[in-house]
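Asker: Quick check, what structure comes out for this input:
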Amino acid sequence: MFEATPDIAQQMKMLTQFNANGPNEVVNGIFLTHAHIGHYTGLMYLGKEAMDARETPVYVMPIMEDFLLTNGPWDQLVKRKNVQLHKMVEQVAIQLSDKISVTPIVVPHRDEYSETVGYHIKGPNKSALFIPDIDKWDKWDKNIIEEIQKVDFAFLDATFYSGKEINKRDIGEIPHPFVIESLEKFKGLTYMEKSKIVFIHFNHTHPLLNPESEESKFVLEQGFKIGRLNDVFKL
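Answerer: Numbering: from 1, shown residues only. Got it, this is the predicted structure:
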């Protein structure tokens, strides 16, 4: 599982049901991207007051590891062995099996409590880029176009469509690539390359949440995909 969102219980149930013959209702491991509430606070449901999990592997970067070890209630998860932290190194692959590997990639984001990473996920047949949070594509020391070209799927940050949906807040305090910015940046890609891109990570007032919105129709017409609940992409 990637991310430990506040909806982790439902998401974990959905994920483990894909392995109908498996005995576990807890995933075999969780990869965290960073310490913002939508991405790690679901860990609380692994604790004593909820499922009381036993040594669930949680893959973390060094600053994220330190954050969990030195702040409650997260440190209790480690002390009670609800989770077992596995420290990652940037650009060093975690080999989950002979056919599956996961490599963390540091990206620029609001790093108040931890660094932020995306992931390169390699399966037996295909690969994926997973970047749910980044400040802006141009702030990254990598070329997002080149990174997209290396993979079969690219699940990318689409937190805000244009910023209008949060017009009562200072967008400068919560930077993300607007969808309209990404559409402009990716417009030169071939149809095949565009079809790799799946926009994800929508705020609660995002127009792409509505499949019938003009914005959703426009994004699809340009050749891109929009992540929906229960989508399956085989690697």
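Asker: Now do the strands in the chain.
Answerer: Assigned by DSSP state E, the strands in the chain fall at 30-31, 56-60, 83-87, 94-95, 101-106, 117-122, 127-131, 153-157, 197-200, 225-226.
Asker: Now that residue 222 has come up, it's in contact with residue 194, right?
Answerer: Yes - between residue 222 and residue 194 there is a contact at 6.7 Å, judged by C-beta atoms under 8 Å. To be clear about C-beta, it is placed using only N, CA and C from the backbone, and glycine gets the same treatment.
Asker: More neighbours: the two, which one.
Answerer: residue 194 (18 against 14; other C-beta atoms under 10 Å).
Asker: quick one: contacts for that one?
Answerer: Residue 194 makes contact with 186, 222, 223, 224, according to C-beta atoms under 8 Å, 6 or more residues apart in numbering.
Asker: Adding distance to residue 123 and pLDDT, write these out as a markdown table.
Answerer: Shown next, in a markdown table, are these (distance: C-beta to C-beta, whole Å; pLDDT from 0 to 100):
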| residue | distance to residue 123 | pLDDT |
| --- | --- | --- |
| 186 | 24 | 97 |
| 222 | 27 | 96 |
| 223 | 23 | 97 |
| 224 | 22 | 98 |
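Asker: Report the buried members of those.
Answerer: Neighbour-count burial (16 or more other C-beta atoms under 10 Å) applied to those gives 186, 223, 224.
Asker: nearest to residue 30, of the contacts of residue 194?
Answerer: Distance to residue 30, by C-beta to C-beta, is smallest for residue 224 among those, at 28.0 Å.
Asker: I'd like to check which residues are in contact with the most centrally placed residue in the chain.
Answerer: Residue closest to the mean C-alpha point of the chain, counted by C-alpha atoms, centre = their mean, is residue 132 at 4.3 Å. Under the criterion of C-beta under 8 Å, 6+ apart, the contact list for residue 132 reads 3, 33, 39, 118, 155, 157, 200, 201.
Asker: Single out the most deeply packed of the strands of the chain.
Answerer: Mean neighbour counts were taken over the strands of the chain using mean count of other C-beta atoms under 10 Å, and the top value, a mean of 25, falls to strand 153-157.
Asker: Taking the contacts of residue 132 together, which two end up most distant?
Answerer: Spanning the widest gap among the contacts of residue 132 are 39 and 155, at 13.9 Å by C-beta to C-beta.
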